[in-house]
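Participant: model the following, please.
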Amino acid sequence: SDAVAYVLLRPTLDRRLNALRRFVRSAVLRVLARDLLDLAGDRTTARELADVADAAVAAAIAVAQDELADGAAGHLPFSIIAMGKWGGRELDYPSDLDLLFVYEAPEGMDGPVAISTANTLAQTFSAALSKVTSEGIAFKVDAALRPEGKDGPLARSLQGYRKYYEQWAATWEHQALIRARFAGGNEDLGRRFEALAAEFAFPASLSSGTILEIRQMKARIESERIPLGEDPDFHFKLGKGGLVDVEFLIQLLQMKHGARIQNLRSQATLSAVESATKAEILDTDEGSALVDAYRFCTRARNRLFLQTGRDVGSLPTDPAELSRLALSLGYA
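Facilitator: Have a look, this model is predicted:
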């Protein structure tokens, strides 16, 4: 009788996915209202958006594991690692969830079974967040930062990650690990991934060749990723002085000094800038300029998304649109 009651009362998958989407929508609306009413600062807003994502991830993992409960999924340690702005708890309204999937085969489970189960879990989890239902989606997820990018498997074992980062990873992949943060699933496994990430993100020394490689990557972003026809001076995401510029600068300093200065190992960009200023790696004026620039560009990106419904990377050139943005940012 208990089994029959469970079958009769258990919500269908569609109902659970729709409930998750309604939760995310209402939670983001609460964050948005506090933001627009000046009841929360921009850093608080970013953390609260990341908290909503973390809660959604917990629900999505539960959905995925329930859907695969009859197989090996319930016995497989499996974790979600937040990356990028989500990893730093500096999420913007238009941000995707950058993530990695890590698993560990338990004793007695064949390797091929573990690999298949982990990748099925990753696919089911991703669909739980990003599949379009009658209530839309919860979050877009992006696993492109995984080893081998879109050509690699969605999930990889902890030892598989170690081998990849030791032997084949590019400098930018080690740099991305600065913001790796356990976000859901098996906590012990997730914390061990964080420790693994720190080994490669904060090396004992940084060669001049690696520093040059990071600078060249940033130059390529400016020259290749800013869309044709857009003025780089007005591109607050990828242009000089923009979001990625601040992130690259502080991440270079974190990789260079993080092995000896523990406080510099923050996943959050602004906290890392403040730590670098306290450690006198940056002077006070430099630190303030970076914080002010990052906060302004973040606020402009968020406001333009709310006004247009699109992820906009440049300041408007139309005077009316620019005036609307200025007013929304508090300029008279």
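
Participant: when you work out contacts or count neighbours from here on, use the C-alpha atoms and nothing else.
Facilitator: Will do.

Participant: so where's this protein uncertain?
Facilitator: 1-10, 70-72 (pLDDT under 70).

Participant: which stretches of it form helices?
Facilitator: 2-9, 13-36, 42-67, 84-87, 111-130, 158-167, 171-176, 187-201, 208-224, 243-257, 269-278, 284-308, 319-328 (DSSP state H).

Participant: from the middle of its chain, how far away would the fourth one be?
Facilitator: Distance of helix 84-87 from the chain centroid (Cα atoms, centre = their mean, to the nearest Å) equals 3 Å.

Participant: and the longest one, by the same measure?
Facilitator: Here helix 42-67 is found 11 Å from its chain centre; the criterion is Cα atoms, centre = their mean.

Participant: equivalent analysis for the fifth one, please.
Facilitator: Computed by Cα atoms, centre = their mean, the separation of helix 111-130 from the middle of its chain amounts to 19 Å.

Participant: in stretch 123-135, what counts as buried?
Facilitator: By neighbour count on 16 or more other Cα atoms under 10 Å, the buried set for stretch 123-135 is 124, 125, 126, 127, 128, 129, 130, 131, 135.

Participant: who touches the fifth one in this structure?
Facilitator: It stands for residue 128. When contacts are counted by Cα atoms under 8 Å, 6 or more residues apart in numbering, residue 128 touches 17, 60, 63, 64.

Participant: doesn't residue 131 make contact with the second one?
Facilitator: No: in terms of Cα atoms under 8 Å, residue 60 does not count as a neighbour of residue 131; the distance is 11.4 Å.

Participant: out of the contacts of residue 128, who's the most crowded?
Facilitator: Of all the contacts of residue 128, residue 17 has the most neighbours under the rule other Cα atoms under 10 Å, reaching 27 neighbours.

Participant: so how far is residue 80 from the closest residue in space to it that isn't next to it in sequence?
Facilitator: Leaving aside its sequence neighbours, residue 17 sits nearest to residue 128 (Cα to Cα, 6 or more residues apart in numbering; 6.2 Å). Distance of residue 128 to residue 80, computed by Cα to Cα, to the nearest Å: 14 Å.

Participant: now swap in residue 102 and tell me
Facilitator: Residue 102 is 7 Å from residue 80, by Cα to Cα.

Participant: anything in contact with each of the two?
Facilitator: With Cα under 8 Å, 6+ apart as the test, residue 102 and residue 80 both reach residue 190.

Participant: center of this protein, which residue is that?
Facilitator: For the chain, the residue nearest the mean C-alpha position is residue 86 (3.0 Å; Cα atoms, centre = their mean).

Participant: pretty sure residue 52 is touching residue 29, no?
Facilitator: No: counting by Cα under 8 Å, residue 52 stays clear of residue 29, with 10.7 Å between them.

Participant: quick one: the residue nearest to residue 17 and residue 191, what's the gap?
Facilitator: 24 Å.

Participant: go on, residue 247?
Facilitator: 24 Å.

Participant: of these two, give the one with the bigger neighbour count.
Facilitator: A direct count of neighbours by other Cα under 10 Å for residue 247 and residue 191 places residue 247 higher, at 19 against 16.

Participant: which one is that one nearest to, not counting chain neighbours?
Facilitator: residue 269 (6.3 Å).

Participant: which residues does the one you found contact?
Facilitator: 88, 90, 247, 250.

Participant: ok so, going back, so can I have CSV of the helices of the chain showing distance to residue 148?
Facilitator: Output for the helices of the chain, formatted as CSV (distance: least, Cα to Cα, whole Å):
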stretch, distance to residue 148
helix 2-9, 41
helix 13-36, 30
helix 42-67, 24
helix 84-87, 17
helix 111-130, 15
helix 158-167, 9
helix 171-176, 10
helix 187-201, 17
helix 208-224, 18
helix 243-257, 22
helix 269-278, 26
helix 284-308, 30
helix 319-328, 40
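
Participant: near the closest residue to residue 154 other than its chain neighbours, how many other residues are there?
Facilitator: Nearest residue to residue 154, sequence neighbours excluded (Cα to Cα, 6+ apart): residue 119, at 5.9 Å. Close neighbours of residue 119, defined as other Cα under 10 Å, add up to 18.

Participant: residue 119 reaches residue 152, doesn't it?
Facilitator: No: under the criterion of Cα under 8 Å, residue 119 is not in contact with residue 152, lying 11.0 Å apart.

Participant: from residue 85, how far out is residue 267?
Facilitator: 9 Å.
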